[in-house]
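Q: generate coordinates for the sequence data below:
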Amino acid sequence: MLAGCRRALPAALGLALRGRAAGRPGRRAVSTSWCPVGAAFDVKQQRNSAAGRETGLFGVPELSCPEGFQEAQDKALQESEQLVQKACSTPPGPEIVMIFDQLSDALCRVADLADFVKIAHPDFAFREAAEEACRNISTMVEKLNTDVELCQSLRRLLADKVVMDSLDPETRRVAELFMFDFEISGIHLDEEKRKKAVNLNVRILDLCNEFLTGTHLPNKIDKRVLPEHIQSNFTTEGNYLEVAGLHADCPNDLVREAAYKIFLYPNAEQLSCLEELLASRNSLAQLVGYDTFAHRALQGTMAKNPETVTQFLEKLSDQLSERTQKDFEMMTTMKMKLNPQNSKLMPWDHPYYSGVLRAERYNIDPGLYCPFFSLGACMEGLNSLFSQLLGISLYAEQTQRGEVWSEDVRKLAVVHENEGLLGYIYCDFFQRPDKPHQDCHFTVRGGRLKENGEYQLPVVVLMLSLPHSTRNAPTLLSPGMMENLFHEMGHAMHSMLGRTRYQHVTGTRCPTDFAEVPSILMEYFANDYRVVKQFARHYKTGQPLPKNMVSRLCESKKVCAAADMQLQVFYAALDQIYHGKHPLQKSTTEILKETQETVYGLPHVPNTAWQLRFSHLVGYGAKYYSYLMSRAVASMVWKQCFAHNPFDRAMGERYRREMLAHGGGKEPILMVEGMLQKSPSVEDFVDALVSDLDQDFETFITDS
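A: Residues are numbered from 1 along each chain as shown. The predicted structure is shown next:
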């Protein structure tokens, strides 16, 4: 019943309120403590030094110390027990759905918050306490998902045709989603099998955490094995060198090759963990009545089933094949030019030589762009875009002592011109020791209509890894960092504007292959000169970023883009095979080798096992294709609705009404159809992706 809980969205966008019949809250008053968003990111934050008892994380009083997680968890579990009793004694009606959502909210308020704290808090004691809370709440969720009496209360509602017909569409869908969570957890099984399902779920959670930790661990090698002239590229620990990544951007071919072979060298424990994870997922899926884990995972998504995903990936691969081959030929020619002794193109070459080709063809030096993208200017650009498109403004708000986990975290109030305060975004943007190097959106508290008629405001965190400002300059973003900021802010707007009655489907609590659409759509805005020119100015001179620099940057991204996309198709295909029919016909490494060479095209390197670093197998198991399908939808929405005018308010309102407002409260494909005014086919998705690869002839001629 809590499948919507605890969604962190990696880097990897609103809302029509339901109207007063659905309990639309009144306008929230504007706070006098708000200040302009741009200035807040270009100056050092001043903390509130007022005397008095400090608050806890996110304003939750219990969380002023790590031990508070136990208290918050106990409260949530106690509240959930009372709500279970209430649900079981309530006759069929809309109140049942409200009680289930309260139950979901009580547990998610702790689980979502803890899910963020366990990876991002600088204090180990907080991280450990949050980890324990996550585990305990998750165990409770699995028990509730197999509670027969609780399920019966919902089943009675769903069986009552008269009552169901009287419910509004959102309430009906939420009731069906809660039942779906019961069914995929095996509620229909006998008691012994239900216990087995609970145990499998708990074991899968442990394996996911273990595998995720293993994907990031460095490998060590005796430093005498490597030539002395490349040893300085790696961290030295006594007689060993530590390799913590692929060094994909290093210009030295030998360094990249060494990093690739050492970092991806198979680890027996990690391999065993992956094999058990895949087998356990398959066992659970079959136990509850699905052919494969992929069939279970894809229920309710845009794709609906693995067969559609496979069709999508195969058609896309066919369309990309010729273009990808040309990209590989260009990279091979460049490698031959720079390294004639060893010119065979290998997997460690793709990221580097595609970058070299982009820079050479369009004279792209990220350092030339950074001075135009100060963080404050970028935030003002987002503020301006949201204001024109959606009537929304961002304001910096002063935080209280104990409310944030790091001094440089900023808190933004999201305010609509008519509806007032919509929610809060905590911006954890800056690098710090032990902070994960990933760009992510976390839901900390979902929005919902409370029993007293007030709306529970959503709270989210955006986590980036930006450099700090210096004495002489504000934080300056590379073009890639700027695009990532827009991407993550797209998720945040979805959370603010997916203002549903039920928190179970609020904001980004929707199918994965739809959840990435709003964020990827924001990348199209970030690459449009009409948007960029509104904020991109040199931080010293105020000079606007020249149009030809933006055009060159956009076109440079299309260089080798077919090969980049083919690589994503390979990852998605591998994910589908791993979560398809079991037992697997070959080892995970043999499957990797075969899929890499047939789908991607570059050779597999013996004694490497890239799949053991494929962290997305945890959060995106059987759903890695979502990035590609979401990009296809975002491309179609951009071209049809915003390419003519990225500030079109009427189109912004339609986007909010059709795609953002519903969260997960409406089938994703129906939201897409509402926006595009047609039902897209697999061929439409493929065509949208491939057409994005075509170069702008005018820019190419101008810069040749």
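Q: residues touching residue 216, list them.
A: Contacts for residue 216 (Cβ atoms under 8 Å, 6 or more residues apart in numbering) come out as residue 615. Using the backbone N, CA and C atoms, a C-beta is placed for each residue, glycine as well.
Q: doesn't residue 350 make contact with residue 602?
A: Yes - when contacts are counted by Cβ atoms under 8 Å, residue 602 is listed as touching residue 350 (6.7 Å).
Q: any idea which helix or strand comes after the strand ranked longest in the chain?
A: Determined from DSSP state E, the single longest strand within the chain is strand 420-430. Per DSSP states H and E, the first helix or strand lying C-terminal to strand 420-430 is strand 440-445.
Q: other SSEs contacting that following strand?
A: Using 3 or more Cβ pairs under 8 Å, 6 or more residues apart in numbering; DSSP states H and E, the elements in contact with strand 440-445 are strand 8-10, helix 94-120, strand 459-466, helix 479-497.
Q: which stretch among these approaches residue 344 most closely?
A: Proximity to residue 344 (Cβ to Cβ) singles out helix 479-497 among these, at 28.6 Å.
Q: hey, which of the helices and strands packed on strand 440-445 is tucked in deepest?
A: helix 479-497 (a mean of 26; mean count of other Cβ atoms under 10 Å).
Q: beyond it, next helix or strand please.
A: From helix 479-497 onward toward the C-terminus, using DSSP H and E, the following helix or strand is helix 512-515.
Q: low pLDDT regions in this protein?
A: Along the chain, the parts satisfying pLDDT under 70 run over 1-34, 43-53, 697-704.
Q: so where do the strands sit in this protein?
A: Under DSSP E, the chain gives strands at 8-10, 34-36, 219-222, 235-237, 240-243, 392-397, 410-416, 420-430, 440-445, 448-449, 455-456, 459-466.
Q: can you give me the angle the longest one makes with strand 459-466?
A: Pointing back at strand 420-430 there. 30 degrees (axes from the mean of the first three to the mean of the last three Cα atoms, to 10 degrees).
Q: contacts made by stretch 254-265 with the rest, please.
A: Identification of contacts with stretch 254-265 by Cβ under 8 Å, 6+ apart yields 218-219, 221, 226-227, 230, 233-234, 243-248, 250, 346-349, 352, 605, 607-610, 612-613.
Q: quick check on those: which are buried?
A: By neighbour count, with 16 or more other Cβ atoms under 10 Å, the contacts of stretch 254-265 hold 219, 221, 226, 230, 233-234, 243, 246-247, 250, 347-349, 352, 605, 608-610, 612-613 as buried.
Q: what separation do you get for residue 573 and residue 211?
A: With distances taken as Cβ to Cβ, to the nearest Å, residue 573 is found 20 Å from residue 211.
Q: try residue 486
A: For residue 486 relative to residue 211 (Cβ to Cβ), the value is 31 Å.
Q: and for residue 332?
A: 35 Å.
Q: and for residue 129?
A: Applying Cβ to Cβ to residue 129 and residue 211 gives a distance of 23 Å.
Q: who's more crowded, those two?
A: Of the pair residue 129 and residue 211, residue 129 is the one with more neighbours under other Cβ atoms under 10 Å, namely 24 against 19.
Q: my guess is that one contacts residue 70. True?
A: Yes - applying Cβ under 8 Å as the test, residue 129 and residue 70 come out as touching, 7.1 Å apart.
Q: which parts of the longest helix along the chain are buried?
A: Looking across the chain with DSSP state H, the single longest helix is helix 306-338. Using 16+ other Cβ under 10 Å as the test for burial, helix 306-338 gives 306, 308-310, 312-313, 315-317, 319-320, 323-324, 327-328, 330-331, 334-335.
Q: could you do stretch 647-663 as well?
A: Going by neighbour count (16+ other Cβ under 10 Å), the buried part of stretch 647-663 is 647, 651-652, 654-663.
Q: stretch 361-380 too?
A: So, applying 16+ other Cβ under 10 Å, buried residues of stretch 361-380: 361-362, 364, 369-380.
Q: coming back round to it: next step: the buried ones among the contacts of stretch 254-265 restricted to helices.
A: Residues of the buried ones among the contacts of stretch 254-265 located in helices (DSSP H): residue 352.
Q: please report how far residue 140 lies from residue 81.
A: For residue 140, the distance to residue 81 - Cβ to Cβ - is 9 Å.
Q: more crowded one of those two?
A: Neighbours were tallied for residue 140 and for residue 81 using other Cβ under 10 Å; the higher tally belongs to residue 140 (18 against 13).
Q: show me what contacts the more buried one?
A: Residue 140 touches 77, 80, 107, counting by Cβ under 8 Å, 6+ apart.
Q: if I pick residue 68, what's in contact with it?
A: 56, 60-62, 129.
Q: what is the nearest of the residues you listed to residue 513?
A: residue 60 (32.6 Å).
Q: tell me how many other residues surround that closest one.
A: For residue 60, using other Cβ under 10 Å, the count is 20.
Q: could you find the closest non-adjacent residue to it?
A: Distances taken as Cβ to Cβ, 6 or more residues apart in numbering place residue 72 nearest to residue 60, at 6.7 Å, with adjacent residues excluded.
Q: hang on, isn't the one you found packed against residue 110?
A: Yes - Residue 72 lies in contact with residue 110 (Cβ under 8 Å); the separation is 5.2 Å.
Q: what touches both of the two?
A: Counting by Cβ under 8 Å, 6+ apart, the residues touching both residue 72 and residue 110 are residue 133.
Q: quick revisit: of all the buried residues of stretch 361-380, which comes closest to residue 171?
A: Out of those, the member with the shortest distance to residue 171 (by Cβ to Cβ) is residue 379, at 37.5 Å.
Q: wait, that closest one touches residue 395, no?
A: No - in this structure residue 379 lies outside contact range of residue 395 using Cβ under 8 Å: 10.9 Å.
Q: intersection of neighbour lists for those two?
A: Going by Cβ under 8 Å, 6+ apart, residues that sit against residue 379 and also against residue 395 are residue 37.
Q: what about residue 451, neighbour count?
A: Neighbours of residue 451 (other Cβ under 10 Å): 10.
Q: what does it show for phi and psi?
A: When read as degrees, to the nearest 10, the backbone of residue 451 gives phi -60, psi -30.
Q: so it sits against residue 98, correct?
A: Yes - using Cβ under 8 Å, residue 451 is in contact with residue 98, at 7.5 Å.
Q: if we can go back for a sec, in TSV: the helices and strands packed on strand 440-445, plus distance to residue 400.
A: Shown next, in TSV, are the helices and strands packed on strand 440-445 (distance: least, Cβ to Cβ, whole Å):
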stretch	distance to residue 400
strand 8-10	25
helix 94-120	17
strand 459-466	14
helix 479-497	21
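Q: residue 297 is nearest to which of those?
A: Among the helices and strands packed on strand 440-445, strand 8-10 comes nearest to residue 297, with 16.4 Å by Cβ to Cβ.
Q: contact partners for residue 498?
A: 14-15, 447, 505-510, 660-664.
Q: do you know how far the closest residue in space to residue 249 that isn't next to it in sequence is from residue 345?
A: Nearest residue to residue 249 in three dimensions, chain neighbours excluded: residue 352, at 6.3 Å (Cβ to Cβ, 6+ apart). For residue 352, the distance to residue 345 equals 11 Å [Cβ to Cβ].
Q: give me the number of residues near the closest residue to residue 628 other than its chain neighbours?
A: Spatial nearest neighbour of residue 628, chain neighbours left out: residue 568 (5.8 Å); criterion: Cβ to Cβ, 6+ apart. By other Cβ under 10 Å, the residues close to residue 568 number 19.
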